[in-house]
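A.B. asks: just coords:
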């Protein structure tokens, strides 16, 4: 069973910073499929969804 984590980064986060976070998570959790998307949310830096 494959597990999917979706990370949506907000308007105050630069794309390269979000990509850095993605790489750190992928390095620690090789068994997860992780996707990164620009969410543009104004209040939260990140929103994480697990399926």
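C.D. replies: Now that the structure is in, tell me what you want to look at. Note that the structure is a prediction, hence the values are computed from the model and not measured.
A.B. asks: Need the three-state assignment for the closest residue to residue 26 other than its chain neighbours.
C.D. replies: Using C-beta to C-beta, 6 or more residues apart in numbering and skipping the chain neighbours, the partner closest in space to residue 26 is residue 34 (5.7 Å). Every C-beta, even on glycine, is put in place using the N, C-alpha and C of the backbone. Look at residue 34: counting by DSSP: H, G, I helix; E, B strand; the rest coil, its state is strand.
A.B. asks: tell me, how many neighbours does residue 34 end up with?
C.D. replies: Neighbour count of residue 34, defined by other C-beta atoms under 10 Å: 17.
A.B. asks: For it, give its distance to residue 4.
C.D. replies: 8 Å (C-beta to C-beta, to the nearest Å).
A.B. asks: What are the boundaries of the helices in the protein?
C.D. replies: Using DSSP state H, the helices of the chain run over 15-28.
A.B. asks: Where does pLDDT dip in it?
C.D. replies: 1 (pLDDT under 70).
A.B. asks: Would you point out which residue is most central in it?
C.D. replies: By C-alpha atoms, centre = their mean, the chain has its centre lying nearest to residue 7, at 2.7 Å.
A.B. asks: contacting residues around it?
C.D. replies: Taking C-beta atoms under 8 Å, 6 or more residues apart in numbering as the criterion, residue 7 is in contact with 18, 21, 22, 25, 34, 35, 36, 37, 46, 47, 48, 49.
A.B. asks: what's the answer for residue 35, then?
C.D. replies: 4, 5, 6, 7.
A.B. asks: Quick check on these: which are buried?
C.D. replies: By neighbour count, with 16 or more other C-beta atoms under 10 Å, those hold 5, 7 as buried.
A.B. asks: between the contacts of residue 35, which is closest to residue 14?
C.D. replies: residue 7 (14.3 Å; C-beta to C-beta).
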